[in-house]
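Peer 1: For reference, the sequence and a predicted model appear below.
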Amino acid sequence: MRKNVLAAFAAAAIGLVLLNACNQEKAKMPNSYTLSDESNQEFLTDNAAKDGVVKLPSGLQYRVIHAGNGKTVTSGNDIVTVTYKGWLIDGKVFDQTQPNQQAKFPAGRLIPGWVEALSLMKEGDEWQLVIPSDLGYGARGAGRDIPPNQTLVFDMKLIAVTAD
């Protein structure tokens, strides 16, 4: 009988420890956002309040992950070589460069949020961009993956700038 009581007590104590760990983990998790207009505005407000986030007059927000010191874009015709991962505020990844792959684009022929960010970045910079809908795909969205009026989040690294 005493063994059963001790076993039950031990099981209860272990359960409490695990429950407490789960509650602490939940407390660390970021807010859960939906794709509603209200949630997009809440995300933009919450992100702007984070340490290290710069909010530009256009509404573009960025945080420097790693600072580079190379060349900058001087013309919209410059070709930029980048790696990136883009997702919606609900966490759904909609596009990214594959591991060990890079993408090349004309710097001036991208969504306005990327054009603005690239004009400020140096080769070697790695930034997290938060792009309000009007600097992204706006009311039209983009295909099946990006609904209308969505905030876009990108981790982007500018690898090279080549004059065209």
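Peer 2: That came through, no problem.
Peer 1: so where do the strands sit in the chain?
Peer 2: Under the criterion DSSP state E, strands of the chain are mapped to 53-55, 61-66, 79-88, 93-96, 103-106, 126-131, 152-162.
Peer 1: pLDDT score for Ser32?
Peer 2: pLDDT, Ser32: 88.
Peer 1: Asp46 versus that one, what's the distance?
Peer 2: According to CB to CB, to the nearest Å, Ser32 stands 12 Å off from Asp46. For the C-beta atoms, the positions are set from N, CA and C on the backbone; glycine is no exception.
Peer 1: Name the nearest residue to Val54, sequence neighbours excluded.
Peer 2: Nearest non-adjacent residue to Val54, counting by CB to CB, 6 or more residues apart in numbering: Tyr62, 5.5 Å away.
Peer 1: picking that back up, between Ser32 and Asp46, which one's more packed in?
Peer 2: Legend: neighbour count by other CB atoms under 10 Å for Ser32 and Asp46, higher for Asp46 (15 against 9).
Peer 1: mind checking pLDDT for the more buried one?
Peer 2: For Asp46, pLDDT reads 97.
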